[in-house]
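**Q** just to be clear, the model below is a prediction. Sequence and coordinates:
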Amino acid sequence: MENNETNEYSESRHLPELKIWKHRSRLPIIQWWMGIGVSTSELAWAVAREWWIWTLSAWAIHKTPLYKKYRASLLEQAVKKSPNGKLSAEERRYISTEANILCIKEEVKKAKEIAQWNGKIFINIMVASKDYDVCVKAACEAGVDGIVSGAGLPKDLHKLTVEYPDVALIPILSQSKGVRVLIDMWNKPYEVKSEIVNNSTTTINARKIENRGGELYQENWTNLLVKTTGESSIITVWDREYNYTRDDNKNIILTKIYQWKIPDAVILEDPSKAGWHLWAIKGQLSEVNNPETTLEVALPATIKILKDKNLDVPVIAAWWIVTKKDVERMLALWASWVQLWSLFLTTEESNAHPDFKNDVINAKVEDVGTYNSSAFYPARYLKKSLEGKDIEWITIKTKDCLIECLSHCALKDWIGWYAQICIQNELLTSVKWSDGTWLKFIWYPFTPEWENKIATLIQEIQGSKWISKITFPTVKEIMKTFE
């Protein structure tokens, strides 16, 4: 049986479609997010118009050139309102959070509009982000189709999104035991309370509900009726019943107990071949090549756990996938779908700096390294991009952080074992609008013979156009290689 399944993909054939919850893609491929400023609505348009699933990046989107005007406007308004014309560090952080929330909503809306509803728009929100909860809710309010979440265990993601039942939830993990832990966390009763302050609007069961003077109304101005049974008051929103209470200030609290929730899909990341932050192993470079986290081990073990629990949860393989044969290999290991990253970074539509694209295409094995990031996780990067930077055996730099984008940061918290560089500031200079030195994260794109698979594939696409100066492929050209 196993050999038959392997042979099924040994010859080139049409790849199956992808389905996550209610969302479909014509190929079993989901695009990896690339922050900051690379995975934007422009690239989403190029991918989604081909009926693929594209993933935006929520992190620090308000700092990109496309959206910095929003942050500048909020700061200007706040300064005008300030009695002394100045803002405290706390006020600046608050404005930064508000700007990012605004920009997340704008980016999701723009991506869905320009994709013309062909493909589906997902967004990645890191658990390590300091404003994780509000970013999740902002993306849901904007109408995102799915949320991908890693950089920690997203133990409360199902609670934060419970009023948005059509949003697919996809956690990122690396070992089968992590999958078991998360499913056990989610697969039990949990209570969610939603407060609707007087004269405000919120979303309940995917519908806008307004509290007008202690009375609840739907968007169509229909009054929601409260049923009283014994000591309990119940209100129904679409197909859900909620316990209803109202205080003296006419604020309303709706409470509901849910029985369980399982992920709509799980991403398994192989740290030995993945890129950017290797969220699997916190602060241990020696564990990057742990055999238990290779997909050859973690994938079958995860599928067995799901089968033993009688759960139908698709597993997405995040590996060194560049070609159609790579996809077929993962499908032969019983993965449902795969994830791509560096390949799309090199496309014409990508917002990565041209030098960044060229460095990825021309990278050799010796050019790629791994270091302990200030986010407390190992990260895979192009070595020359951090030349002269403090990334190993560092002394503490006592510098106040005005951003506080992460809940825990070695630079902000003055912990000297990890790299003393600001990831956010470094990544902001890796986009096409930059003319400085930038941090370049990369996936491991090499074959066992140390051949750069990205360069080989692009050379095949370009054919006679492949000359000394590389012409970047379009998204459409990349996609054709998987058909």
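**A** Perfect, thanks for sending it.
**Q** can you show me the helices along the stretch 1-150 of the chain?
**A** Listed in chain order, the helices of the stretch 1-150 of the chain (DSSP state H, counting those that start in this stretch) span 2-8, 41-48, 68-81, 89-114, 132-142.
**Q** can you name every helix or strand that the fourth one contacts?
**A** Judged by 3 or more C-beta pairs under 8 Å, 6 or more residues apart in numbering; DSSP states H and E, helix 89-114 is in contact with helix 41-48, strand 53-57, helix 68-81, strand 120-124, helix 132-142. Every C-beta, even on glycine, is put in place using the N, C-alpha and C of the backbone.
**Q** isn't residue 357 right up against residue 348?
**A** No: the criterion here is C-beta atoms under 8 Å, and residue 357 misses it with residue 348 at 9.1 Å.
**Q** who touches both of the two?
**A** residue 472 (C-beta atoms under 8 Å, 6 or more residues apart in numbering).
**Q** the more surrounded of those two?
**A** For residue 357 and residue 348, the more surrounded residue by other C-beta atoms under 10 Å is residue 357, and the numbers stand at 22 against 15.
**Q** please report how far the nearest residue to residue 380 once chain neighbours are set aside lies from residue 448.
**A** Computed as C-beta to C-beta, 6 or more residues apart in numbering, the closest residue to residue 380 that is not its neighbour in sequence is residue 275, at 4.8 Å. Residue 275 sits 18 Å away from residue 448, going by C-beta to C-beta, to the nearest Å.
**Q** number of nearby residues for residue 144?
**A** For residue 144, using other C-beta under 10 Å, the count is 30.
**Q** who touches it in this structure?
**A** 56, 108, 121-123, 167.
**Q** then residue 246?
**A** Counting by C-beta under 8 Å, 6+ apart, residue 246 has contacts 214, 252-253.
**Q** make it 10 Å
**A** 196, 198, 211, 214-216, 226, 233, 252-253 (C-beta atoms under 10 Å, 6 or more residues apart in numbering).
**Q** list only buried entries from the residues you listed.
**A** 196, 211, 216, 252 (16 or more other C-beta atoms under 10 Å).
**Q** which residues touch the residue nearest to residue 380?
**A** With C-beta under 10 Å, 6+ apart, residue 275 has these contacts: 32, 34, 269, 318, 320, 341-342, 345, 360, 368, 370, 379-381, 441-445.
**Q** switch the cut-off to 8 Å
**A** If you count contacts by C-beta under 8 Å, 6+ apart, residue 275 has them with 341-342, 380, 441-444.
**Q** now those residues as TSV including distance to residue 204?
**A** Shown next, in TSV, are the contacts of residue 275 (distance: C-beta to C-beta, whole Å):
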residue	distance to residue 204
341	36
342	41
380	42
441	39
442	43
443	41
444	45
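**Q** from these, which is closest to residue 459?
**A** Ranked by distance to residue 459 (C-beta to C-beta), these are led by residue 342 at 15.4 Å.
**Q** can you count the residues close to the residue nearest to the closest one when sequence neighbours are not counted?
**A** Spatial nearest neighbour of residue 342, chain neighbours left out: residue 443 (4.4 Å); criterion: C-beta to C-beta, 6+ apart. For residue 443, the neighbour count with other C-beta under 10 Å is 25.
**Q** residues in contact with residue 443?
**A** So residue 443 contacts 273-276, 320, 341-342, 380 (C-beta under 8 Å, 6+ apart).
**Q** now distance to residue 192, pLDDT and secondary structure too, for these, in JSON lines please.
**A** Listed next are the contacts of residue 443 as JSON lines, based on distance: C-beta to C-beta, whole Å; pLDDT from 0 to 100; DSSP: H, G, I helix; E, B strand; the rest coil:
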{"residue": "273", "distance to residue 192": "38", "pLDDT": "77", "secondary structure": "coil"}
{"residue": "274", "distance to residue 192": "33", "pLDDT": "75", "secondary structure": "coil"}
{"residue": "275", "distance to residue 192": "35", "pLDDT": "74", "secondary structure": "coil"}
{"residue": "276", "distance to residue 192": "32", "pLDDT": "74", "secondary structure": "strand"}
{"residue": "320", "distance to residue 192": "39", "pLDDT": "75", "secondary structure": "coil"}
{"residue": "341", "distance to residue 192": "34", "pLDDT": "72", "secondary structure": "coil"}
{"residue": "342", "distance to residue 192": "39", "pLDDT": "75", "secondary structure": "helix"}
{"residue": "380", "distance to residue 192": "38", "pLDDT": "85", "secondary structure": "strand"}
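**Q** select only the buried ones of these in ChimeraX?
**A** Buried residues within these, by 16+ other C-beta under 10 Å, are selected in ChimeraX with:
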select :273,274,275,276,320,341,342,380
